[in-house]
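Peer 1: Sequence first, then the predicted structure, then my questions.
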Amino acid sequence: AAGSTAAGTAAGSASSGPGGARGLVMPAPGAAGSWQDKLWQALRSACDCLANGTLAVWHLQRVVAKKRDPLSHILFLDVLCPQGQQLLTEKFWSACLRVISDAFAAAARPSKGGFVRDALMASYSKLVSLLETGFARIQTESRIKGVPPAASPEQLSSLLDTSAPFRDAYLAAALGRMQDVVSAAFPGSSRVLPSPADVQKCIGVLHDELKSAGNSGHLAGLLGSTVGKALRLIAEKAEYMTSAGPELRQVSLGPSSGGGASAAQLRNIALCSQLQEVHRSMLSLLPRLPAPAAAALQGPLDALEGCAIDTVSPIFKSALEVFESHVLAMHQQQWGPTSQSAAASGSAMLPVTDTSSYVNDLANALAVFRSEYMSKFIPAPSPTVPSVGSSLAERAAARLLMLWVRHACLLRPLGEQGKLQLAKDLGELQLVIGQGLYPLDAMGPVNRCLRAFRAMLFTDDDALANAACLRDVPAALVLQHCFSRLPNTIQTPAERSGVSPAQYSRWLDQHTAADVARSVASALEASKAEMVAAGASSGGTKLVIGLMRQLAGVQ
């Protein structure tokens, strides 16, 4: 009882202002510094009093837990705390929390707090540090093996909750400061983009608010949630500042189109660069923050990154459509064995020393896209600097390369000279994409697939089923390629459906590998007689058909 009264007296004295004055008190001009010193000294005394009282009750509890009444042999602790009731430390702790909570609530009232209220609201992080330090002392000095401590770790949150009025006001003020700087940098208007100075000022304020938590994981988590609200506000404001409409999706990459990004595209690229600068700066801070703060910021940072991606993804999507149109042009070339009449007249296919025209066109389009669009990002997309532009460039490069492999697998018939031409085109394609879009070395699975496809091209029919390269090529693409090794009398799923390569490619995008396997199984089932004839004429063809039946799940 004496301990809780002393703790309450100390807390009440601190909340009443230096000297114990009651009512609305403010320091005289020039005396604010000394008042601050006296306030924090009183609060330190209150925390010491709380710790001393808690430890004294804990020691008392340990003694009565060992002493028994000499006549009844009943433990004194059972008399003081009958079964089902709180222990002495729990009763004392509840009483102290009630007294401290009442004192802080009184100090937070506008009619009474005055200087004390304003000081604790402005320096709430210091108050949290005092409370956590006092609680840590209680735990440290009551840590004895086999004896429950004076306070469990879960009780720290109850102690911090006594300062809820100051905590709520402190977080509201922090959010207000961040909202002001966010609104100044990202006004949400379609007219003006933030200046670099505005963006850096916004980042600086967000960093300062997070750093104000000091070493307190509890306060860091609260501030992380508050900063997360500011990040979500940035994403919301940026949505209103994003240009939209058909102009954003018009990407001109032809040699005679003049190239160049439109005003709407340049605006969105600039806005994306500013959003990713905020994202990059906050992301770099996460490893140095307490775990609760990092966890609270992860969701808002993902939302901010998603907003940045949305601003420029239509540009990359339109560019990919242009790139795919060039890839589709491969179906206009001849890839099968050269006919005897063509060979006799000297009009054979292009020499394998030359790259196909569609690859040259694709290389020109990639060069325009890099110079007129990707170079506008700050920083420029690079695997060494994580950014939105880098992420989208990597996705675009992976999509483009896998599209090329898909359409190369759809080529039919495919002769030896055609395979050599494909290998030449693939080498050039790897070069131009690696230099103009994204380095292939940074795309592990895709790069392995390209090497495996090249090996698969030149693998004999007899050895194809056991070839190691098949592990790195999707089974759906292996099935499509195998048709190029079969007679034309065995129709592919696309030929049976009467769709173009572009239409079939879209169908593949919309269906799973299992759907592709079922469509191939149906095609094989419809060509049973032709397969029997083809297998009888060539042992290698029979093995290829066996591989296809295995991949398609045909018994």
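Peer 2: Good, I have the coordinates.
Peer 1: Just the C-alphas of stretch 275-286, formatted as CSV.
Peer 2: Only the C-alpha atoms of stretch 275-286 are listed here, as CSV (Å, rounded to 0.1, in the frame of the first residue of the first chain):
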residue,chain,number,x,y,z
LEU,A,275,7.7,7.2,-56.3
GLN,A,276,10.4,4.6,-56.6
GLU,A,277,12.9,7.1,-54.9
VAL,A,278,10.6,7.3,-51.9
HIS,A,279,10.2,3.5,-52.0
ARG,A,280,14.0,2.9,-52.4
SER,A,281,14.8,5.2,-49.5
MET,A,282,12.3,3.7,-47.1
LEU,A,283,13.3,0.2,-48.1
SER,A,284,16.9,0.8,-47.4
LEU,A,285,15.9,1.9,-43.9
LEU,A,286,14.1,-1.3,-43.0
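Peer 1: What's the mean pLDDT across it?
Peer 2: Stretch 275-286 comes out with an average pLDDT of 92.
Peer 1: quick one: buried residues of it?
Peer 2: Using 16 or more other CB atoms under 10 Å as the test for burial, stretch 275-286 gives 275-283, 285-286. In this view, the C-beta of every residue, glycine as well, is placed from N, C-alpha and C.
Peer 1: Then stretch 382-389?
Peer 2: In stretch 382-389, counting by 16+ other CB under 10 Å, buried: 387-389.
Peer 1: For Arg399, see how far away Leu392 is.
Peer 2: 10 Å (CB to CB, to the nearest Å).
Peer 1: of the two, who's got more company?
Peer 2: Leu392 (23 against 17; other CB atoms under 10 Å).
Peer 1: Distance of the more buried one relative to Lys201?
Peer 2: For Leu392, the distance to Lys201 (CB to CB) stands at 28 Å.
Peer 1: what's the answer for Ser243, then?
Peer 2: Ser243 sits 24 Å away from Lys201, going by CB to CB.
Peer 1: next one: Gly389
Peer 2: Look at Gly389 and Lys201: by CB to CB, they are 24 Å apart.
Peer 1: related to what we said a few turns ago, just the ones of the buried residues of stretch 382-389 in helices?
Peer 2: Among these, the ones falling in helices (DSSP state H) are 388-389.
Peer 1: for the buried residues of stretch 382-389, which one is nearest Leu410?
Peer 2: Ranked by distance to Leu410 (CB to CB), these are led by Gly389 at 31.5 Å.
Peer 1: ok, that closest one touching Pro381?
Peer 2: Yes. Gly389 is within contact range of Pro381, at 3.9 Å (criterion: CB atoms under 8 Å).
Peer 1: shared neighbours of the two, anything?
Peer 2: Met374 (CB atoms under 8 Å, 6 or more residues apart in numbering).
Peer 1: where in the stretch 401-550 of the chain is pLDDT low?
Peer 2: By pLDDT under 70, the weakly predicted segments of the stretch 401-550 of the chain are 536.
Peer 1: Where is the longest helix in the protein?
Peer 2: Longest helix in the chain, counting by DSSP H: helix 291-328.
Peer 1: Show me what that helix is packed against.
Peer 2: Under the contact definition 3 or more CB pairs under 8 Å, 6 or more residues apart in numbering; DSSP states H and E, helix 291-328 sits against helix 217-241, helix 263-285, helix 357-372, helix 388-410, helix 501-510.
Peer 1: Tabulate these (a markdown table), appending distance to Ala185.
Peer 2: Listed next are the helices and strands packed on helix 291-328 as a markdown table, based on distance: least, CB to CB, whole Å:
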| stretch | distance to Ala185 |
| --- | --- |
| helix 217-241 | 8 |
| helix 263-285 | 8 |
| helix 357-372 | 28 |
| helix 388-410 | 18 |
| helix 501-510 | 39 |
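Peer 1: which residue ranges form the helices in the stretch 401-550 of the chain?
Peer 2: 416-436, 444-457, 461-464, 475-483, 493-497, 501-510, 513-526, 528-537, 539-552 (DSSP state H, counting those that start in this stretch).
Peer 1: The nearest residue to Ala235 once chain neighbours are set aside and Lys237: what is the separation?
Peer 2: For Ala235, ignoring the flanking residues on the chain, the nearest one in space by CB to CB, 6 or more residues apart in numbering is Cys307 at 4.0 Å. With distances taken as CB to CB, Cys307 is found 9 Å from Lys237.
Peer 1: If you count surrounding residues, which of those two has more?
Peer 2: With neighbours defined as other CB under 10 Å, Cys307 and Lys237 compare such that Cys307 has more, 23 against 18.
Peer 1: Look up how far Pro194 lies from that one.
Peer 2: As judged by CB to CB, Cys307 and Pro194 stand 14 Å apart.
Peer 1: got any ranges where the stretch 251-400 of the chain has weak pLDDT?
Peer 2: Checking the stretch 251-400 of the chain against pLDDT under 70 turns up 255-259, 338-351.
Peer 1: let's see 80
Peer 2: For the stretch 251-400 of the chain, the stretches with pLDDT under 80 are 254-260, 337-353.
Peer 1: now do the stretch 1-150 of the chain
Peer 2: Looking at the stretch 1-150 of the chain by pLDDT under 80, you get 1-33, 35, 61, 63-87, 110-114, 145-146.
Peer 1: Where do the helices of it begin and end?
Peer 2: 2-16, 32-64, 76-80, 88-108, 115-122, 124-141.
Peer 1: quick one: the fifth one to helix 124-141, angle?
Peer 2: Angle between the axes of helix 115-122 and helix 124-141 is 80 degrees (criterion: axes from the mean of the first three to the mean of the last three CA atoms, to 10 degrees).
Peer 1: OK, contacts around the nearest residue to Leu286 once chain neighbours are set aside?
Peer 2: Take Leu286 and drop its neighbours on the chain: the residue closest to it by CB to CB, 6+ apart is Ala294, 4.7 Å away. The contact partners of Ala294, taken as CB under 8 Å, 6+ apart, are 224, 286-287.
Peer 1: How about Gly299?
Peer 2: Gly228.
Peer 1: mind running it again at 10 Å?
Peer 2: With contacts defined as CB atoms under 10 Å, 6 or more residues apart in numbering, Gly299 is in contact with 225, 228, 231-232.
Peer 1: As CSV, the buried residues of stretch 275-286 with distance to Gln503 would be great.
Peer 2: Formatted as CSV, those follow (distance: CB to CB, whole Å):
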residue, distance to Gln503
Leu275, 37
Gln276, 37
Glu277, 42
Val278, 42
His279, 39
Arg280, 41
Ser281, 46
Met282, 44
Leu283, 42
Leu285, 49
Leu286, 46
